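> here is my input, please return the structure:
(chains A, B, C, D and E)
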Amino acid sequence: MIEYLHFHLPVLPIVIPLMIAPLCVLLGSRHVANVLSLFACWVTFGLSLLLVSRVCELGEISYFLGGWKPPYGIEYAIDPLNSFLMAMIAGMGAIVLTYSGPSLRDEVPKSKHYLFYSLYLLCMTGLMGMCATGDLFNVFVFLEISSLSTYALISLGKTRRAPLAAFQYLIMGTIGATFLLIGIGLLYQMTGTLNMADIGVQLERYRVAAVIVDGIEGPPHWEGSRTMLVAFAFLTVGLCIKMAVFPLHTWLPNSYTYAPSVVTCFVAATATKVSVYAFIRVVFGIFTPEFAFELLPLDTALWSFSLVGIFVASIAAIYQTNIKRRLAYSSIAQVGYMLLGISMANQDGLTAGIVHMFNHGLIKGALFMVVGCFVLRLGSVQMDDWRGAGKTMPWTSLAWAIGGLGLIGVPVTCGFISKWLLLTAAMEDELYLVAALMLISSLLAVIYVWQVVEVLYFSPPSEKAKKATEAPLIMLVTTYVVVAATLVFGVWTTWSAGLAGDAARFLLQGGAP
Amino acid sequence: MSNVTPETLIQICMGLPLVALVLVVITGKIANLREACTITISSVLFFVTCQLAGHVFSGARPEWSLGDVMMPGFEIAFQVEPLGMLFALVASGLWVLTTIYAIGYMRGHHEINQTRFFACFAIAIFAALAAAFSANLFTLFVMYEVMTVSTYPLVTHHGDEKARNGGRVYLGILLSTSVAFFMLAIAWTWSVAGTLDFTPGGVLAEAFSEGKINAVQLAILFCLFAFGIGKAALMPFHRWLPAAMVAPTPVSALLHAVAVVKVGVFSVLKVAIYIFGIDLIADTHAGDWICYVAAASILLASLVAMTKDNLKARLAYSTISQLAYITLGAAIATEASMLGGGMHIAMHAVGKITLFFCAGAIYVGAHKTNISDMRGLGRTMPFTFGAFLIATISIIGLPPGGGAWSKYFLALGAVDSGKAWLMGTLMVSSLLNIAYLVPIPILAFMAPTKNETDDESHVDGGWKIKEGPLLCVVPLCITAIGSVVLFFFANQIYQWLIPIVQSGH
Amino acid sequence: MLVSVSILTLLAVTAIAIARIGDLWAAVMFTGIFSFLGASWMLILDAPDVAFTEAAVGAGISTVLMLGTLALTGKKEKPTKSSPIVPLFVVGVTGAALIYGTLDMPHFGDRHSPVQTRIDPGFVEKSQPDMHGLPNVVTGLLGSYRGYDTLGETAVIFTAGIAVILILRREPKEKETERSTGKKGKSL
Amino acid sequence: MTLTEFFGLYNYWIVVFLMMTGFYIVIARRNMIKTVIGLNIFQVSVVLLYVTMGKVTGGTAPIIPPGIAGHSDGEHASSHGSHDAHEVVDHAHQHAADAAEIIYSNPLPSVLMLTAIVVGIATTALALALIVRISEDYGTIEEDEILLMDRRQ
Amino acid sequence: MNSFPIIRVVTKLMIPYILLFGLYVQFHGDFGPGGGFQAGVILASAFILYGLVFGLPAVKAVAPTKVIEKLIALGVLIYAGTGLATTLIGRADGGHGNDHFDHAHADHTHSDVVEMAQANFLDYEALNHDVLHGFLPHGQHLGIFLIELGVGITVTAVMIMIFYCFAGRSERFGQGKGAADAGLQSTAKEATA
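Got it, this is the predicted structure:
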């Protein structure tokens, strides 16, 4: 049994939810589907943790699907980075699903629950699959699984704007996916292979050693670089749409706002991070950072876009009265921090970017879970209706305050760790301006988080808040588990920052997937 | 107790407030039990701190690290040196008194959410101790922020509009300065020096000699630290202090005397001594700009204090002025000025807490907040105003108040460094201190009450003593006596602190 | 050559027609034709499986689906007021980038391009022993070598099916009302 | 720009043109069905791009003719099981050699595009379902009008 | 409906052939173009045609919604189940599947996997068996057959389900009239308007 488990460990966390999803539909009962999906999520989480420990122990693990080695078949390449991310996705998936019960009953008609569970599992499958795979086309396929299920899940929202938001996301998302597909096609055209590691090796053939003129080493140079360049551009743009980088973020606020609370929790905690991961893979696993950052001025472009995005989105967040939308804009800003780290392309910066993926997932998950509790009890996401809820829902409000501190990046929360790492990385790189702007921008978070805290605690209660009672125990407990995690990973960072550091080292040592 | 190693004592010291926190939360429903727990633990803590102080002042430098939980280079580690020890002693000693006082005040005033109050109080003390013991800037920063956040619920305790506005300014200024300047400065230090450990003699000297940072940059860095440590309330980032006056008086006492402001100036001193090094500041004149700012703060805050009729507001501006002394001490960067700054932490703490205790006692006892309403009040509250007078003397810097010594050393430092004009500043400020503090007790004792016939306490021609609750009055008497005792005890403190300025040589 | 040029020309013409036409019904029909032309060209490019699928999907299913949707919504597109400058600019830049990208590409039909040579032996040769003589190499590839992609594809279809049920299935009336009233009861 | 380059690449350029037309329809049109039509054209064009890559001049479809595939005509369905496995392999190899004489176009792009087409139709179906819902809820499928309605609310 | 008897008759005549063609494409995919997906589309089109002409209730009587819904899931389960089965079987007698397979000769890229007596997910070599020789296909063939079956079932069911859902939204159509009627009526309305 153990041997079997160890051997198939890379594929089981993806296959289990993938199989349970149709099973939920086949059995067609709400309760059975609930139990099954919970089982699937927690088992997946357990397996991914096991996978992380295996990777730490053995190093990179390859798994050949169908027994066909690349370049013929599809390979699963598990390394510190993606196993880490998979564990996070599965963990968030499991905890959010455990949390979901009361909120789901409130927001989604009961007769649709089993379908919801099925799609939820599929979404998780898609995200996990995107992480695990070492095959570029397979990324596309799993991206689409997760995207399609996300569109449908978003459209489940109560208002009529939910289907509209889903449609807008669908259009943007499909454009992104098609761009990705074009990029993959161009790369395939140049290399004849789809395996990421293999593409990396093949692209090296196009590389011409740097010409030394008058003792000065010229810039490195690639043959056929025009196609590579365009391929890279299309992959980048496609993924940027998916991760909601600033000018391409238009789909995100509506999607997060109008989706059912549970969906927002899960999607906000995981989906954009997976795209960021895919981007990291493209930059470091396929193209070299040399290609991306020296041949192209990508780093400058990235950090300027990130910073503009951080400021614009943070300021936009301040002006939102709808709290879900406020957090959605904050998510756009936070993606900027991740890209900022990645754009530095060194050990520290990359570590910061990766660790922020993880930390922000936790924090945003926690905050949206809090929003879910409020929505259940207050029936509203408008700040006006939340007034004074701190008195009738003290525990939920406290969770918001702690989670908010994480978002701001106050010490002892995990948000601080990522901010700190990013800051030191920027200073190391002598990007003083970036460092200063980043710090100032993070103050904007204080405003948009604390406005809500003040509304909760210092305003006379609204009609809704007066009548409200504390959220159901199961939702509170799960929310506090995530909130506690943001604190734990703010102090004990061996696991988060340590693993992220390993992952960054792995990527920078040319560790192709 | 003697068989306990100093390392363990550190752990106990920082563990006790957390134990108190847990106990307070658990026993929250039963007020007497809750407060018994707090008092017991704070007393034990003071005792343990004294034990530890015995070790540290006799030359031990116990260390304790949280182990491998943080990223390499940034670790939570503790090491106790005399300056931190002194701060810890002050904090833990005054915690006992503040707790006793708070019980009297909170009950006398029927405050809500007392459990939350005591819980946050415990966290703040924990943060103060941890900051005092911190072995590197990173730990210091973490604890500094923990304190900011944990005191926010204390400041906004009343939960009304006024509290919200006060809290907004409090959190806004403290968080933004710490994030925008302090954090940047730390990261800069890290990238230049490669370490954040507090090292006798400073860590930046080497980087300076290697040319990684020049004199102007050093000065900028020093400014970043001085302004970034917003709790030191250097102008123009001082607004949070008066804003935080919306808090209940024990909190104000905690903020202004024990924990918050002291952790600020303590951090400034610590950075000046252990990150820059006295010699480096003196050689590169990195602190000159801050000298001007601090001197200006001293005078301006005193002037503003004179205009305030609200007692707590006047005390708040007085605090700003007094804190600037300590920052000034750090910026002047001579041995004497550093020692003076260090001593002033203790002297001012004891003096200022007395004043705040008095303000609270007046509020509880007579429901007066404005100075102009306190005419003749000294006759009904002689102990309170007596203590107020004694503390005033210490704050002004007159013998036999403890403050005399610290100001003496600061002046000495100013002369040493060749900035004789600072002497003038100190003199003027002392005069201003007299001008805004002394009238209060005089008014209370000498002036007739505004409307004597209406005064209930004026019965049968005699003055009936009507003090605040006993639990309020006893602590303030103790601290008033303490501020006098410190005058005679100053040599001892001087001896304790000597190693911090000498270890660099 | 002539055939392919004419098909390509027709494709381009159809595409422009679709872009310009205001009547949705006609646009859908033209889309079907576009797919069909595309399928024909795929046949010329030696991809009968893709051509078959494209014909079934593009000219069949998606046309039917769109017509069905049109029957439920409306057939006329309202003229847009927004200026086409920005979209044209975006499309122009994207297109120019792609054209630029093609310049270093192996030429059409090149037998020595990486696509043809990277995998050696190629799938056609390799699949014969591997698949025990399966004639249609595409099926072997689809089912076995890249069977996992196909599993993903099936999952996508499954997702779409479930999603459409979720979005469009009408809930029984009484349950709907029960839900709206029941919710109020619960929140108390 | 040489003539060979032109003839070697004009296929791609036309495909690019088609892609961009589709892309233009997607981003310029405010009618939702038109947007979906645009997506369809965009995707079909990408399929064409891939399929174009797989083509070899003078090649044929990657389906091995029955004669070469090593099985007597008309026995496809049941032949494999009845053979001894080694025999199958031998057969296969022999005929693989035969097969090598014929040039086959690369089957991999076809396979990828089969998947992509399926993904495309799945997306279309989902999009259309959403359009039906939106049309029922708002009474229109013009994005401008819907945004206006939402703003007024 | 009565107004178009010809359509009804032609439809009834066509449907068996469409079904037959669908099955052919399903099971002949190994040899010519086609496979589960195309077959699924064709099979579904037979049902859709039936529904279009005879109305939604009629086709739902033949293929009830519940059944179709289960079939959607069943197909995926068959596919993924095949994959899971290979891992489980491969474990039970892993070596077996590769006994008569000449690695070096065939350049089969199985790695050390085989020595560990484990078959990877979707490795159909594990499906070699000794039962019903000559009737049931072997290894890769059996695997491809099964997964194509899974794809076929899912695609058929999904296509039918999509049709049901869209048709169910049309009020006129949902009442039992054919879409042909509905469409004609609406065009007639437009003409008069």
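> which residues of chain A score low on pLDDT?
Flagging of chain A using pLDDT under 70 yields the residue ranges A:208-222, A:224, A:294-295, A:510-513.
> can you tell me how far A:Ser83 is from chain E?
The gap separating A:Ser83 from chain E is 17 Å, by Cβ to the nearest Cβ, to the nearest Å. In short, each C-beta sits where N, CA and C put it, glycine included.
> next structured bit after whichever strand or helix holds that residue?
Assigning secondary structure by DSSP states H and E places A:Ser83 in helix A:80-107. Toward the C-terminus, helix A:80-107 is succeeded by helix A:113-132 as the next helix or strand (DSSP H and E).
> against which helices or strands is the helix holding A:Ser83 packed?
Applying 3 or more Cβ pairs under 8 Å, 6 or more residues apart in numbering or on different chains; DSSP states H and E, one finds that helix A:80-107 contacts helix A:30-58, helix A:113-132, helix A:261-280, helix A:347-378, helix A:473-491, helix A:496-508, helix C:173-187.
> contacts for the fifth one?
Counting by Cβ atoms under 8 Å, 6 or more residues apart in numbering or on different chains, helix A:473-491 makes contact with A:92, A:95-96, A:98-99, A:101-103, A:358-359, A:362-363, A:365-366, A:369-370, A:372-373, A:376, A:395-396, A:399, A:402-403, A:406, A:411-417, A:470-471, A:495-496, B:69-70, B:76, all of which sit outside it.
> and the buried ones among the residues you listed, selectable in ChimeraX?
This is the ChimeraX syntax for the buried subset of the contacts of helix A:473-491, where burial follows 16 or more other Cβ atoms under 10 Å in any protein chain shown:
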select /A:92,95,96,98,99,101,102,103,358,359,362,363,365,366,369,370,372,373,376,395,396,399,402,403,406,411,412,413,414,415,416,417,471,496 /B:70,76
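> distance from the helix holding A:Ser83 to the middle of the chain?
The chain centre lies 12 Å from the centre of helix A:80-107; the measure is Cα atoms, centre = their mean, to the nearest Å.
> buried set for that helix?
Those buried within helix A:80-107 under the rule 16+ other Cβ under 10 Å are A:80-107.
> between the helices and strands packed on helix A:80-107, which gets nearest to B:Ser134?
Comparison of these against B:Ser134 by Cβ to Cβ identifies helix A:473-491 as nearest, at 14.7 Å.
> what's around the residue lying closest to C:Pro84 once chain neighbours are set aside, how many residues?
With sequence-adjacent residues excluded and distances taken as Cβ to Cβ, 6 or more residues apart in numbering or on different chains, C:Pro84 is closest to D:Ala28, at 5.4 Å. D:Ala28 has 21 neighbouring residues, counting by other Cβ atoms under 10 Å in any protein chain shown.
> list the contacts of D:Ala28.
Each residue near D:Ala28 by Cβ under 8 Å, 6+ apart is listed here: C:80, C:82, C:84, C:87-88.
> which among the residues you listed gets closest to chain A?
Nearest to chain A among these: C:Pro87, at 12.1 Å, using Cβ to the nearest Cβ.
> how about C:Lys76, phi and psi?
In terms of degrees, to the nearest 10, the main-chain angles of C:Lys76 are phi -100, psi 140.
> for B:Ser134, that is, sorry about that
Per degrees, to the nearest 10, the backbone of B:Ser134 is at phi -60, psi 140.
> could you do B:Gln79 as well?
phi -150, psi 130.
> separation between it and B:Cys50?
As for B:Gln79, its distance to B:Cys50 is 19 Å (criterion: Cβ to Cβ, to the nearest Å).
> circling back: turn the helices and strands packed on helix A:80-107 into a markdown table, including distance to B:Gly341.
As requested, the helices and strands packed on helix A:80-107 are arranged in a markdown table below (distance: least, Cβ to Cβ, whole Å):
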| stretch | distance to B:Gly341 |
| --- | --- |
| helix A:30-58 | 49 |
| helix A:113-132 | 54 |
| helix A:261-280 | 48 |
| helix A:347-378 | 35 |
| helix A:473-491 | 32 |
| helix A:496-508 | 36 |
| helix C:173-187 | 59 |
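> so B:Ala398, which state does it fall into?
One correction, residue B:398 is Leu, not Ala. Put simply, B:Leu398 is coil when judged by DSSP: H, G, I helix; E, B strand; the rest coil.
> I'd say it and B:Ala404 touch.
Yes. With contacts counted by Cβ atoms under 8 Å, B:Leu398 reaches B:Ala404, the gap being 6.0 Å.
> more neighbours, these two?
Applying other Cβ under 10 Å to B:Leu398 and B:Ala404 shows that B:Ala404 carries more neighbours, namely 20 against 16.
> ok, residue 115 - contacts?
Using chain A. A:Leu115 neighbours (Cβ under 8 Å, 6+ apart): A:24-25, C:162, C:165-166.
> ah, no, chain C please
By Cβ under 8 Å, 6+ apart, the contact set of C:Val115 is A:188-189, A:192, C:106, D:53-54, D:106, D:108-109.
> and of those residues, the nearest to B:Lys368?
Nearest to B:Lys368 out of the contacts of C:Val115 is A:Tyr188 (Cβ to Cβ; 83.1 Å).
> state the distance from the residue lying closest to that closest one once chain neighbours are set aside to chain E.
The spatial neighbour of A:Tyr188 that comes closest, neighbours along the chain excluded (Cβ to Cβ, 6+ apart), is A:Leu194 at 6.0 Å. Distance of A:Leu194 to chain E, computed by Cβ to the nearest Cβ: 15 Å.
> could I get the phi/psi values of A:Leu194?
The phi/psi pair for A:Leu194 (degrees, to the nearest 10) reads phi -120, psi -10.
> can you count the residues close to it?
Residue neighbour count, defined by other Cβ under 10 Å, stands at 25 for A:Leu194.
> mind listing what it touches?
Going by Cβ under 8 Å, 6+ apart, A:Leu194 touches A:71, A:135-138, A:184, A:188, D:108, D:112.
> which of these fall within helices?
Counted as lying in helices by DSSP state H, out of the contacts of A:Leu194, are A:136-138, A:184, A:188, D:108, D:112.
> of all those residues, which comes closest to E:Val53?
Closest approach between the ones in helices among the contacts of A:Leu194 and E:Val53, by Cβ to Cβ: D:Leu112, at 37.0 Å.
> please tell me I have it right and the closest one contacts D:Leu49.
No. D:Leu112 lies out of contact with D:Leu49 (Cβ under 8 Å); the separation is 10.9 Å.
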